[in-house]
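Undergrad: Return a 3D structure for these sequence lines:
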Amino acid sequence: MSDAGGAPPVHRTTASDRFLRLLTIVPWIAGQDGPTLDEVCARFGMTRKQLLDDLQVVPLVGLPPYTPDTLIDVTIEGDRVWLRFADMFARPLRLTPEQGLALVAAGTAWTGLPGADAEGPLATALDKVAGVLGIDPDDAVSVALAGNTRPDLLEALRRAVADRRRLRLDYYTYGRDRRTTREVDPYAVFADEGAWYMRGHCHLAGGERLFRVDRINEAELLDTVFPPPEEPAARGADRSGEVFTAAPELPRVTLDLAPVARWVVETYPVDEVTELEGGWARARLAISARPWLERLLVRLGPHVRIVAADDPTLLSAGPDVARRILARYGEAAPTAPG
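TA: Residues are numbered from 1 along each chain as shown. Purely as a prediction, here's the structure:
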């Protein structure tokens, strides 16, 4: 769903938002001598209610068997708060080089989150671990975020953005399950939730699009120089961290989701959600392409039902993809919709 454009979405506080917030709040409070609730709220740009709700989750963090000595202790007295880590944090860790690299990468990425103390105790500890491993912390982050993305490809994309040079891409479009060659004027390269993205004007699509860097097979730097974008919204960082915007013209489908499939509501932009009996939820969301919907239905299996669709042909997406899968394995196709 990342190749569609549209109006900027209304930002919702998701589980990921809350998790990232806790990653910065917990070590900062623990490193202070009982900061006031107002100090915490002011530093992290949150309301008092948000802070208290987050702090209710922290005492649930720990290790099996989840006895008091394995959990994080939260103490609020008057208007001040203290965090004390469990005994497990007092024991030295024995890490393999791979674990150390992952630790440095995750910790260094954390120091870039809003409100994080980039020069605090964690940053000092990360420098020491990185020194033992003989690596640069920033290099560790690049390795962790890039995943399957080649460093030379990222460097080429960044150079194209800096020089305002057009690119010719060999690109796999996940939503449409198709590989294409297209020319793109790159506006920005940025990371979001562990993946790299490039935003730019696609001449094949005739508008601004978002590209997953790990789906770019080849990128050729062309001699054509393009003018800078007129709107600041063309820059990835100005999209409130969203990598997909549900354009009004995209077709919508309404799905009934079982309790185990509620993650769909937290993961993808939805227009509305209605609570149903038995913990089920009815969600209406945009569909950028039929193949994307088919993959989602296969992934959810019996935990999802399509109840409505702007495009009537999408109502049969589940049975259709099931028939194709069964036909590939030489089995009889189902006769009734699933």
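Undergrad: my guess is residue 167 contacts residue 158, does it?
TA: No - using C-beta atoms under 8 Å, residue 167 is not in contact with residue 158, being 11.4 Å away. Bear in mind the C-beta positions are built from the backbone N, C-alpha and C, glycine included.
Undergrad: And these two? Which one has more around it.
TA: Remark: of residue 167 and residue 158, residue 167 carries more neighbours, 25 against 14, as counted by other C-beta atoms under 10 Å.
Undergrad: Let me know the secondary structure of the closest residue to residue 47 other than its chain neighbours.
TA: Ranked by C-beta to C-beta, 6 or more residues apart in numbering and with sequence neighbours excluded, the top spatial neighbour of residue 47 is residue 41, at 6.5 Å. Going by DSSP: H, G, I helix; E, B strand; the rest coil, the secondary structure assigned to residue 41 is helix.
Undergrad: Count the neighbours of residue 41 for me.
TA: As a burial measure, residue 41 scores 16 neighbours (other C-beta under 10 Å).
Undergrad: okay but it is in contact with residue 48, surely?
TA: Yes - under the criterion of C-beta under 8 Å, residue 41 makes contact with residue 48 at 5.7 Å.
Undergrad: pull the CA atoms of stretch 21-30 into PDB?
TA: Extracted in PDB, the C-alpha atoms of stretch 21-30 (Å, rounded to 0.1, in the frame of the first residue of the first chain):
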ATOM      1  CA  ARG A  21       7.600   6.900  23.700                       C
ATOM      2  CA  LEU A  22       8.300   4.400  26.500                       C
ATOM      3  CA  LEU A  23      11.700   3.600  25.100                       C
ATOM      4  CA  THR A  24      12.700   7.300  25.700                       C
ATOM      5  CA  ILE A  25      10.700   8.000  28.800                       C
ATOM      6  CA  VAL A  26      11.800   5.000  30.900                       C
ATOM      7  CA  PRO A  27      15.600   5.500  30.800                       C
ATOM      8  CA  TRP A  28      15.300   9.200  31.200                       C
ATOM      9  CA  ILE A  29      13.200   9.000  34.300                       C
ATOM     10  CA  ALA A  30      15.400   6.300  35.700                       C
END
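Undergrad: Please identify the buried residues of that stretch?
TA: By neighbour count on 16 or more other C-beta atoms under 10 Å, the buried set for stretch 21-30 is 21, 23-29.
Undergrad: Show me these that map onto helices.
TA: 21, 23-29 (DSSP state H).
Undergrad: Go ahead and confirm residue 229 touches residue 186.
TA: No - counting by C-beta under 8 Å, residue 229 stays clear of residue 186, with 10.2 Å between them.
Undergrad: Which residue of those two possesses the greater neighbour count?
TA: residue 186 (26 against 17).
Undergrad: how far away is the nearest residue to that one once chain neighbours are set aside from residue 27?
TA: If the residues on either side of it in the chain are set aside, residue 186 comes closest to residue 200, at 4.1 Å by C-beta to C-beta, 6+ apart. As judged by C-beta to C-beta, to the nearest Å, residue 200 and residue 27 stand 36 Å apart.
Undergrad: Fine by me, thanks again.
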